[in-house]
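Engineer: Just the structure for this:
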Amino acid sequence: LALQEVHRGGASVPTEVPDGVCPDRIEAALPGRARADIFEIARELRLWLFYAPSMRNGPPGSGATEEDRGNALLCTRALNDLVAMELPLEAMRRVPMGATFTAQTNDGDAWSVNVWSVHLDNKASFARNLGSGGMVGRMQQARALADSVSGASVVLAGDFNTWAVGPIERAVEIVEERFPDAICTDDGPTMIFTALPDRRVDYMFARLVPGARLRYGRLLDPRGSDHRPLLGWLVPAPITSATPSGAKR
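Structural biologist: Okay, the predicted model is just below:
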């Protein structure tokens with residue numbers, strides 16, 4: 001699971017921060033369910049967790065506990081090669097993060113994939129962006145992400161906040177050029193707006209070894225979020241062995 005804007009609470013979150021640097025608090029209402037932070041969820045589901053905070057979740061004293069929020073990866077397999085990076089600052093601090101897990105195919109062959117949870121900025125200076133011929137903040141973040149993530153079996157997933165229209169919104173184009181091996185089976189809107197038309201802002205991208213492929217689509221039930229989740233199927237490349245010319249197999 002690649003998640004964005006999850007929260008962490010408790011004593012590990014600093015209580016003293018400079019004035020004027022904290023974003024507003026996000027606290028989703030969950031009818032019939034108690035609110036839980038990402039560490040509680042991982043313990044309850046017995047999953048491996050990698051969490052990287054991007055920012056505080058509201059100023060000190062704004063909730064029952066001190067909180068920050070950021071991206072997370074949850075997995076039934078051990079997570080290794082943990083990496084977090086800070087994107088060029090636009091309006092808010094954004095920290096995509098990645099980890100590698102190893103699994104087995106149905107035939108018992110081992111394979112590994114490096115998965116990243118990504119959240120680009122949703123705000124920017126309109127004067128600077130439009131004067132530069134595009135949403136330059138997200139373009140810069142997309143380039144930094146594409147330049148920094150290496151490897152032959154990589155999946156990027158998350159909220160790219162591409163709510164603008166037309167040629168001014170190029171973040172997806174920039175990432176897709178470097179990670180072209182994902183096929184979307186349903187390109188409908190993923191962001192649920194209240195006063196504007198719904199928009200597609202969530203994506204999965206992949207760069208895979210020859211023969212491997214990633215297909216993904218939407219789940220229509222938002223499960224309490226203002227985004228519809230994405231579900232992907234990753235099919236590893238088949239294992240082949242070299243055979244000398246004329247030999248029988």
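Engineer: Local confidence estimate at residue 240?
Structural biologist: Looking at residue 240, its pLDDT is 57.
Engineer: Next: residue 34.
Structural biologist: For residue 34, pLDDT reads 81.
Engineer: and it, what is it in contact with?
Structural biologist: Residues near residue 34 by CB atoms under 8 Å, 6 or more residues apart in numbering: none. In short, each C-beta sits where N, CA and C put it, glycine included.
Engineer: what do you get if the cut-off is 10 Å, keeping everything else the same?
Structural biologist: With contact taken as CB atoms under 10 Å, 6 or more residues apart in numbering, residue 34 is in contact with residue 40.
Engineer: Compute the distance between it and residue 64, please.
Structural biologist: 12 Å (CB to CB, to the nearest Å).
Engineer: same check, this time on residue 187
Structural biologist: 40 Å.
Engineer: For the chain, which segments are assigned as helices?
Structural biologist: All helices of the chain, identified by DSSP state H, fall at 38-45, 126-131, 136-148, 171-178.
Engineer: would you turn the ones you listed into CSV with mean pLDDT, mean neighbour count and distance to residue 97?
Structural biologist: As requested, the helices of the chain are exported to CSV (pLDDT from 0 to 100; neighbours: other CB atoms under 10 Å; distance: least, CB to CB, whole Å):
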stretch, mean pLDDT, mean neighbour count, distance to residue 97
helix 38-45, 96, 15, 12
helix 126-131, 55, 12, 26
helix 136-148, 94, 20, 11
helix 171-178, 95, 18, 16
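Engineer: Need the ones you listed in JSON lines (columns: distance to residue 161).
Structural biologist: Listed next are those as JSON lines, based on distance: least, CB to CB, whole Å:
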{"stretch": "helix 38-45", "distance to residue 161": "21"}
{"stretch": "helix 126-131", "distance to residue 161": "13"}
{"stretch": "helix 136-148", "distance to residue 161": "7"}
{"stretch": "helix 171-178", "distance to residue 161": "8"}
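Engineer: Ok, which of those comes nearest residue 16?
Structural biologist: helix 38-45 (21.8 Å; CB to CB).
Engineer: okay, now residue 215: neighbour count?
Structural biologist: Residue 215 sits with 16 neighbouring residues when counted by other CB atoms under 10 Å.
Engineer: Before we move on, what's the pLDDT of it?
Structural biologist: For residue 215, pLDDT reads 96.
Engineer: Please apply the same query to residue 15.
Structural biologist: For residue 15, the pLDDT comes out at 81.
Engineer: bridging residues for the nearest residue to residue 65 once chain neighbours are set aside?
Structural biologist: Excluding the flanking residues, the one nearest residue 65 by CB to CB, 6 or more residues apart in numbering is residue 9, at 4.0 Å. Beta-bridge partners recorded for residue 9 (DSSP bridges): residue 67.
Engineer: neighbouring contacts of stretch 99-111?
Structural biologist: 2, 48-50, 73, 75-84, 112-117, 151, 153-154, 209, 212, 234-239.
Engineer: Revised request: answer the last question for stretch 215-222.
Structural biologist: With CB under 10 Å, 6+ apart, stretch 215-222 has contacts from 155, 157, 182-192, 200, 202-206, 227-235.
Engineer: what ranges do the strands span in this structure?
Structural biologist: 2-9, 48-56, 67-75, 80-84, 97-104, 110-119, 154-159, 182-184, 202-207, 213-218, 230-235 (DSSP state E).
Engineer: report the angle between the axes of the first one and strand 67-75?
Structural biologist: Orientation note: strand 2-9 sits at an angle of 140 degrees relative to strand 67-75 (axes from the mean of the first three to the mean of the last three CA atoms, to 10 degrees).
Engineer: for strand 2-9, what is the average pLDDT?
Structural biologist: On average, strand 2-9 scores 96.
Engineer: cool, and stretch 76-94?
Structural biologist: Averaging pLDDT along stretch 76-94 gives 95.
Engineer: End to end on it, go ahead and measure it.
Structural biologist: Counting by CA to CA, to the nearest Å, you get 26 Å between the two ends of stretch 76-94.
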